[in-house]
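Q: Fold the following.
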Amino acid sequence: MKSVFVIFLTAILISVLAPLSFSMEEEKGHICFKTIDSNKDNKVTFEEFVKYLGDDRERFTSVDQNEDGELTHEEYHESLGHGASEQETD
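A: I've put the predicted structure just below:
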């Protein structure tokens, strides 16, 4: 009975801690859509884009597939992948 409890407790801990480790890893190497979308309206404006990825209108425009001046979650991930690298400084 004790071993069943230990296995059950281990399974619960893994199911709780695994998603946390993935989200921590996500923040290390790139900027995610949810970070750039500072007002949490599920759209990224050029002003929000500039704060994290630099003043690169050409890059923003190339990602904005429907040319409405805002990036949707789908546009962002389709064009920039799961996350975009931070702007490198020279």
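
Q: Look up how far residue 54 lies from residue 73.
A: Using CB to CB, to the nearest Å, one gets 20 Å for the distance from residue 73 to residue 54. From N, CA and C alone the C-beta is placed, and that goes for glycine too.

Q: Contact partners for residue 75?
A: Residue 75 makes contact with 63, 64, 65, 66 under the criterion CB atoms under 8 Å, 6 or more residues apart in numbering.

Q: what do you get for residue 46?
A: 57, 60, 69.

Q: and if you look at residue 44?
A: Shown in contact with residue 44 (CB under 8 Å, 6+ apart): 33, 36, 37, 70, 71, 76.

Q: Residue 76 now?
A: Residue 76 makes contact with 33, 36, 44, 63, 84, according to CB under 8 Å, 6+ apart.

Q: Can you say which of the contacts of residue 44 are buried?
A: Those of the contacts of residue 44 that meet the buried threshold are 33, 36, 37, 70, 71, 76, by 16 or more other CB atoms under 10 Å.

Q: which stretches of this structure form helices?
A: In the chain, the helices defined using DSSP state H lie at 2-29, 33-36, 46-53, 57-63, 73-80.

Q: Buried residues of the last one, list them for me.
A: Right, the one you point to is helix 73-80. For helix 73-80, the neighbour count (16+ other CB under 10 Å) marks 75, 76, 77, 80 as buried.

Q: Good, we can wrap up now.
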